[in-house]
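Enquirer: Test case, fold it:
(2 chains)
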Protein chains: 2
Amino acid sequence: MPADLSVLAHPADTRIVLVVLDGLGGYADGQRGTELEEAATPNLDRLAEAGSSGLLHPAGPGVTPGSGPAHLALFGYDPYEFQLGRGALSAAGLEVEVKPGDVAARANLATLSPEGLVVDRRAGRLPDHEADEVVALLREGVRIEGVEVTFAHEAQHRVLVVMRGDGLDPGIVDTDPQTTGVPSVTPRPTPDAVNPADAEHTAGVVAELDRQARRILASHPKANGLLLRGFDSHQELPTLADRHGLTAAATAVYPMYRGIARLVGMDVLGPVADLDAETTVLSDNWLSYDYFFMHHKGPDSAGEDGDFEAKMAAIEALDAVIPDLVDLAPDVLIVTGDHATPSQMAAHSWHPVPVVMWGPRVGRDRAERFGERWCLDGALGRRPSTDLMPLALGAAGRLAKYGA
Amino acid sequence: MPADLSVLAHPADTRIVLVVLDGLGGYADGQRGTELEEAATPNLDRLAEAGSSGLLHPAGPGVTPGSGPAHLALFGYDPYEFQLGRGALSAAGLEVEVKPGDVAARANLATLSPEGLVVDRRAGRLPDHEADEVVALLREGVRIEGVEVTFAHEAQHRVLVVMRGDGLDPGIVDTDPQTTGVPSVTPRPTPDAVNPADAEHTAGVVAELDRQARRILASHPKANGLLLRGFDSHQELPTLADRHGLTAAATAVYPMYRGIARLVGMDVLGPVADLDAETTVLSDNWLSYDYFFMHHKGPDSAGEDGDFEAKMAAIEALDAVIPDLVDLAPDVLIVTGDHATPSQMAAHSWHPVPVVMWGPRVGRDRAERFGERWCLDGALGRRPSTDLMPLALGAAGRLAKYGA
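Expert: Numbering: from 1, shown residues only, chains lettered A, B, ... in the order given. As a prediction, this is how the structure comes out:
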């Protein structure tokens, strides 16, 4: 592959659709197959039968990726060359500006015990209207000298925090301990902080923010604490137009994925509330774009909850909209995941992610159903997620011939 | 994959066991399947049925590796980045110190014809007690001005030679012609010797050593010559603790493999005389380590002898200890080879090496037996041996999530 694929970018009146089932991948165990294998997916099976299947690894063998690197890889960006923190992602999704010098972080509203131990990292997945009220309390109550703090509610227990002031550095550790029964982590600089003195100052700001949040939320029955992670600063990425000559659009119910799309220069369509709305908005804008990214969060949420049946159902919900996408006659239709979220682990994992590619020039292989075990038979083989974009560009006639 | 996996190293109370059947790989021909396919391996088959299988290539397509690079690859070290001569390996296995400036080489006791042609490169695989006497003769008889020569008996016909003196350089060709019916190769510098003048001097030292050895051993009926290979100098490698955050231990009957293990910072358990002893010592030290490397030489020795049935039997012997390893409840149990040694070739080869990985989070694939042809159905696919360590670390929960 050329180091810079953009040298081959070639205009064409063709359309690529990438459907991402977040956390799609799973693993079979002694009891049963993966969630995708067990789900009833007649429409996805038809794509597999007529198209080409395979398995993707988003970030290298054995490595479990976060949502940022996993999506960047699907868009053709090496996730080790282009690095993104969760804070920057969330900010982009919420349309909160992060300027050079600002520090952004993702926060969970959490339940703490009277002794300050984490009881529930997600405060029972607080409903949006309750979370909105809690965020309003923080917005009104938190005052830190020399630092302007912005709170923005994302969804359920998820909140974005942006700090603006002099001498801030994102090189501090997460206060989220990622487990329960322990106190939150005391803010401190990471060993690789760019400016250790600024990181020390920032750690102090975060400690004060934490103290004030506990005071303000002390009487709330569920959301009485804040756990922060993914401290990050302003980021600038090349766009899909720059890299691949694509005019691209995205639809996603969850803000963070709209944010990732914006960071690579996609227009965000919508707002959309569900899969049907995503399909409709895509159809309505069909002639205006070359590339559509459609995000479906359900499988990941269910996987993270350890709910095998709910993950199956979320996959089946996506299956139901496939005929509408097929009716649009895309030149390339891809259905895959960003990473695996096996419900046995209730977490992201390193397991490979099934992919199916369908379109008039994609080719048909032996795989006759869509699922990990059948993908092993597929013509796409096992490959890095970053291969997907060049494969799609090729199948859409959007790469010039290399050499004479 | 990140350039440096150590940035993701993540402590966990989990255990990985890597069982290496030396020379495991083979190839099927018109007569029958590979040695592994034909062997009766009910316990390995059960691992394959419940776990994930695949095929490894140790050093790239078509390349036949020596034991050093083949093992380094299994431990996650790029065998082209980290280079080891056989001399350095043998020295480490025999606990003979190789200091900076020393040159070490592996020697075979060999049978030469009266005309000086190689008749048997291994002197009939001289029994240890006979070889010990021959080595004692060399130790007493060889005297080279300005150079201190150390002889250490490894096993059977294999001897380590370490030269210490001023102006030595390991950049000289092997004197072992690797075949019979020809004379040994006249020592001379390689084109890439670091210091050509020193290499010229070293070639002279080796020529003198060869002359004296022939004189001293002239009357021995079998071992009347020395064939040297793998000239090497002092080596320093990063440890498994540095690279992967692993506290590692090794068991091996053959010294060279203990040596490789020591070179990457493993503790060597034992001494052990056979597979049962290896299993026992592993069990006795179960709680003290994160990673266990267990080496079984039998398949390679039989393969090098061109003995298909003996290689099958050596594989079956390993199969018999699998239940004891499974009883230890490792988080990841891997059984594979370092390289192929097809008995049809009576030599190492480039053929891929079957691998099975088993553990609670590894996942199950369609492969229901352990052997090359079934590994083609496996979820691990065909991949470099260097992928094995990150896959094992991932499945053992020992890699942090990459990115938010």
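Enquirer: ok, and what's touching stretch A:391-403?
Expert: A:2, A:5, A:8-12, A:14-16, A:18, A:244-246, A:290, A:331-332, A:334, A:357, A:359, A:361-362, A:380, A:390 (CB atoms under 8 Å, 6 or more residues apart in numbering or on different chains). All C-beta atoms are positioned from the backbone trio N, CA, C, and that covers glycine.
Enquirer: what is the rounded mean pLDDT of that stretch?
Expert: For stretch A:391-403, mean pLDDT rounds to 95.
Enquirer: Quick check: buried residues in it?
Expert: Using 16 or more other CB atoms under 10 Å in any protein chain shown as the test for burial, stretch A:391-403 gives A:Leu391, A:Ala392, A:Leu393, A:Ala395, A:Ala396, A:Arg398, A:Leu399.
Enquirer: Same check on stretch A:299-315?
Expert: A:299-304, A:307-308, A:310-315.
Enquirer: what does stretch A:27-46 give?
Expert: By neighbour count on 16+ other CB under 10 Å, the buried set for stretch A:27-46 is A:27-29, A:33-39, A:41, A:43-46.
Enquirer: again, but for stretch A:251-267
Expert: A:251-266.
Enquirer: can you give me the offset of that stretch from its chain's centre?
Expert: Distance, stretch centre to chain centre, for stretch A:251-267: 9 Å (CA atoms, centre = their mean, to the nearest Å).
Enquirer: what's the span of it, first residue to last?
Expert: 9 Å (CA to CA, to the nearest Å).
Enquirer: same question, stretch A:365-383
Expert: 16 Å.
Enquirer: quick revisit: strands - which of the contacts of stretch A:391-403 land there?
Expert: A:Ile16, A:Leu18, A:Val332, A:Ile334, A:Met357 (DSSP state E).
Enquirer: Count the residues that sit near A:Gly337.
Expert: Here the number of neighbours of A:Gly337 (other CB atoms under 10 Å in any protein chain shown) works out to 29.
Enquirer: Phi, psi for the closest residue to it other than its chain neighbours please.
Expert: Excluding the flanking residues, the one nearest A:Gly337 by CB to CB, 6 or more residues apart in numbering or on different chains is A:Leu24, at 2.7 Å. Torsion angles at A:Leu24 (phi, psi; degrees, to the nearest 10) stand at phi -60, psi -40.
Enquirer: what residues are up against A:Leu24?
Expert: Counting by CB under 8 Å, 6+ apart, A:Leu24 has contacts A:Leu36, A:Pro299, A:Ile315, A:Thr336, A:Gly337, A:Asp338, A:Ala340, A:Thr341, A:Val353, A:Pro354.
Enquirer: and if we set it to 6 Å?
Expert: Residues near A:Leu24 by CB atoms under 6 Å, 6 or more residues apart in numbering or on different chains: A:Pro299, A:Gly337, A:Val353.
Enquirer: Dead centre of chain A: give me the residue that sits there.
Expert: In chain A, the centroid-proximal residue (CA atoms, centre = their mean) is A:Ser67; its distance is 3.5 Å.
Enquirer: Find the least confident helix or strand in chain A, judged by mean pLDDT.
Expert: helix A:86-94 (a mean of 78; mean pLDDT, DSSP states H and E).
Enquirer: Pull up the pairing partners for the helix or strand just after it, direction included.
Expert: Per DSSP states H and E, the first helix or strand lying C-terminal to helix A:86-94 is strand A:103-112. If you go by DSSP bridges, strand A:103-112 pairs up with strand A:118-120 (antiparallel), strand A:158-165 (antiparallel), strand A:225-232 (antiparallel).
Enquirer: Now mean pLDDT too, for those, in a markdown table please.
Expert: Converted to a markdown table, the strands paired with strand A:103-112 look like this (pLDDT from 0 to 100):
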| stretch | mean pLDDT |
| --- | --- |
| strand A:118-120 | 95 |
| strand A:158-165 | 94 |
| strand A:225-232 | 92 |
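Enquirer: Most tightly packed of those strands?
Expert: strand A:225-232 (a mean of 26; mean count of other CB atoms under 10 Å in any protein chain shown).
Enquirer: got the contact list for that strand?
Expert: Among residues not part of strand A:225-232, those counted as contacts by CB under 6 Å, 6+ apart are A:85-88, A:103-108, A:110, A:112, A:170, A:172, A:174-176, A:184, A:213-214, B:404.
Enquirer: Please find the angle between the direction vectors of that strand and helix A:86-94.
Expert: Strand A:225-232 and helix A:86-94 are oriented at 100 degrees to each other (axes from the mean of the first three to the mean of the last three CA atoms, to 10 degrees).
Enquirer: Can you give the distance of strand A:225-232 from its chain's centre?
Expert: 17 Å.
Enquirer: now stretch A:133-143
Expert: That offset, for stretch A:133-143, works out to 27 Å (CA atoms, centre = their mean).
Enquirer: Out of the contacts of A:Leu24, name the ones that lie in strands.
Expert: Using DSSP E, A:Val353 are the members of the contacts of A:Leu24 that sit in strands.
Enquirer: and which of the contacts of A:Leu24 is nearest to chain B?
Expert: A:Val353 (12.3 Å; CB to the nearest CB).
Enquirer: how much space between the closest one and A:Pro390?
Expert: With the distance defined as CB to CB, to the nearest Å, A:Val353 ends up 17 Å from A:Pro390.
Enquirer: now A:Pro11
Expert: For A:Pro11, the distance to A:Pro390 (CB to CB) stands at 16 Å.
Enquirer: Neighbour count: the two, which is higher?
Expert: A:Pro390 (17 against 10).
Enquirer: Report the contact partners of the more buried one.
Expert: A:Leu5.
Enquirer: Distance of it relative to chain B?
Expert: Using CB to the nearest CB, to the nearest Å, we find A:Pro390 at a distance of 19 Å from chain B.
Enquirer: Over to A:Pro42?
Expert: The value you get for A:Pro42 to chain B, if CB to the nearest CB is used, is 22 Å.
Enquirer: With that, I have no additional questions.
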